[in-house]
Each structure stands twice: as C-alpha cells, then as structure tokens.
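Asker: based on what follows, work out the 3D shape:
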Amino acid sequence: MLTLVIFIIIVALVFDFLNGFHDSANSIATVVSTHVLTPRKAVMWAAFFNLIAAFLFDVHVAKTIGKGLVRLESVNEYVILCGLLGAIVWNLVTWYFGLPSSSSHALMGGYAGAAIAKAGFDSILYGGWTLTLVFIVVAPLMGMLMGFVFKVALMWIFNKKPSSRINRMFRRLQLVSAALYSLGHGTNDAQKTMGIITGLLVASGYLATFHVPFWVIILSHIAIASGTLFGGWRIVKTMGQKVTKLKPSDGFSAETAGGITLLVTAFAGISVSTTHTITGAIMGVGATKRLSAVRWGVAGRIVFAWVLTIPLSAAVSAITYWILSPLLQ
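Answerer: Modelled structure (predicted):
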C-alpha cells in the first residue's frame, strides 16, 4: 500500500510539473512578447515567484479540490491515479497543439471522471462545483474587464507623454506585474495538486482528517516552479503574439489584471483557471485599441478548448479507470 501511495504522489508531482510546463506561457508570454525579458530570464523570474508563493498564502483552493468536489468515501488510490493520468494526457494533447487550455480543469475533470467510473454520479458533490463552473465564465471576464479598465486608465493618465518614455517606464513596471501574476499562478495551481495528494493521504488512511502537510505544500511548489523553468514554448506564441500585439504598458495591464483576479479567487478558495484568466486579460487590453485588434478567431479556438477540457479529461480518466483498476487491483 505504501509503495502505491508513494507512486501516486510522484505521479501527482509529475502532473504539477507538467502544469507549470504547460502554463509557463501564461506567466511569461506578455513579458516575453513585449521584449522586457528574454524567454530564459522570464521563466526564471516566473519560477522564483511560483516557488515563494508557498510561504505567503493559505490553502483554501487545496481544500476545495481535495474534499469539495468528490466524496472522499468514494475515493481510493486508483481513482486518484486514473484522475491524474487523464489530466496528464489532456495536458500533453493540448500542449502539442499549442492550445492554452486549463490544467486545473483537466485535473478536476479527471478526478471527477475516475470517481464516477468507480462509484457513479452519487460520488460527485454538486454544490462544490457551482462556483468552479460559474468562474469558468467569470474569471476570464474579470480579467478582461480589469485589463480593459487598467489600460484605459493608463492611456488617459499618460496621454501627453512621449511613447518612448512610457515604454521605458513600463518595461520596469512589467517586472512587478509579471511577479504578481506568477505569485497568483503559483498559489492557485500548486494548491490543486496539494488537494489531490492530501485527499490521497486521507483515502489511504495516512491522515485522519483533511489538512495539508507542510511537506506537501513545499513539494507541490517545487514541482510547479520546475515545470515553469522548462516552459511551454508552443503556447507562448499563441498567448503572446496570436491573440493581440502587446506593448509594455499592455503587458503591465494584462498581468496586473490577471494577478489580482487569481489572488482574490485564491483567498476565496475558488478554483479558477490561470489560463482563462490571463487570456481574458490580454483580450481586454487588446480591445482598448479596437475590437479588430483582438484576433477573435484564435480566441474562439481557445474557448473551444476550454469547453472541452472538463468533459474530455473526465472521459479519458473514466476509461483509464475501467481499463486499469481490474489489472491494478
């Protein structure tokens, strides 16, 4: 039993690593596309703030993921393993095609799909999904609205300033906004892996009650920061260049809007997609120029991937459970 639990924890940390790898683009796309940092320096900057988020925030999101979506009595080691495998497969597929889909929703969908395969739909805590499903829409809209408002405010404040001076100032400020976004990304996404590992420890009897051990917090942040260091370069191009063209002040507005949204939802214990959030913020900034500045066809392709993520990752995990659980058990 202990060997299986250790193996599943390793798989969970692999997922966390791939989450950082997949979502690295979200953290660095704006700061790279505005030429404020080189890609290598940008991922080092983002990974550092992914890591130190471990020491700054509570674990409200981990509690939502670990015990708020699926009944723990319906969970065993194989449910969690197959849920992780389904999420990993979906992450790799969307990474290959350069689609910035949500690693968070892939994990949630995978976890739910494996639980349904084992215990049916009674295993789902429907009340726990309400805010998550609502914020699939609300989080990118929050990012979009704040990105639009911040950019309009900057345009009004610096209306008569030379563009060269503005760009010089915001090249420095964008380091701050990129750090803010990476803090939000680190605390939000690492906590999802923490929730899964802690749920595993409860289901396997190694924890009597649901509380996140400190070693789980540290390992989860190390894994996601390591993944960020390797970067998902295919998605950087989509996020930083194909949605809309960005200047340093645009990047500052988008990152600040995305970072605030992620921190607010993390404090509230609401599991949101960091990918959805920063994409909405970038669209909001692009819309301040003119609506045609946003390549809505690319945006539509991204949204299509969002819609598919939870059901398809759930289906992959359910199939994985049906195939593997008789063999493993």
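Asker: read off the pLDDT value for the closest residue in space to residue 148 that isn't next to it in sequence.
Answerer: The shortest distance from residue 148 to any non-neighbouring residue, by CB to CB, 6 or more residues apart in numbering, is to residue 284 (3.8 Å). C-betas here are computed from N, CA, C, even on glycine. What the model reports as pLDDT for residue 284 is 87.
Asker: need the contact list for residue 284.
Answerer: 143, 144, 145, 146, 147, 148, 149, 151, 254, 257 (CB atoms under 8 Å, 6 or more residues apart in numbering).
Asker: list only buried entries from those residues.
Answerer: 143, 144, 146, 147, 148, 151, 254, 257 (16 or more other CB atoms under 10 Å).
Asker: which element is the residue nearest to residue 148 on?
Answerer: In this assignment (DSSP states H and E), residue 284 forms part of helix 274-287.
Asker: I'd like the distance from that helix to the chain centre, please.
Answerer: 14 Å (CA atoms, centre = their mean, to the nearest Å).
Asker: repeat for stretch 61-71
Answerer: Distance, stretch centre to chain centre, for stretch 61-71: 16 Å (CA atoms, centre = their mean).
Asker: repeat for stretch 192-205
Answerer: Relative to the chain's own centre, stretch 192-205 is displaced by 19 Å; criterion: CA atoms, centre = their mean.
Asker: can you check stretch 92-109 too?
Answerer: For stretch 92-109, the distance to the chain centre is 9 Å (CA atoms, centre = their mean).
Asker: I'd like the average pLDDT over it.
Answerer: If you average the pLDDT over stretch 92-109, you get 78.
Asker: in CSV, could you pull the C-alpha coordinates for the helix holding residue 284?
Answerer: Written as CSV, here are the backbone C-alpha positions of helix 274-287 (Å, rounded to 0.1, in the frame of the first residue of the first chain):
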residue,chain,number,x,y,z
THR,A,274,-5.0,30.7,-14.7
THR,A,275,-5.1,30.2,-18.4
HIS,A,276,-8.6,31.5,-18.8
THR,A,277,-7.8,34.5,-16.6
ILE,A,278,-4.7,35.8,-18.4
THR,A,279,-6.3,35.1,-21.8
GLY,A,280,-9.3,37.3,-20.8
ALA,A,281,-7.0,40.0,-19.5
ILE,A,282,-5.0,40.0,-22.8
MET,A,283,-8.2,40.3,-24.8
GLY,A,284,-9.4,43.1,-22.6
VAL,A,285,-6.2,45.1,-23.2
GLY,A,286,-6.4,44.4,-26.9
ALA,A,287,-10.0,45.6,-27.1
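Asker: least trustworthy helix or strand in the chain by mean pLDDT?
Answerer: For the chain, counting by mean pLDDT, DSSP states H and E, helix 233-237 ranks last in confidence among helices and strands (a mean of 50).
Asker: ok so, going back, mind checking which of the buried ones among the contacts of residue 284 are in strands?
Answerer: Among these, none falls in strands (DSSP state E).
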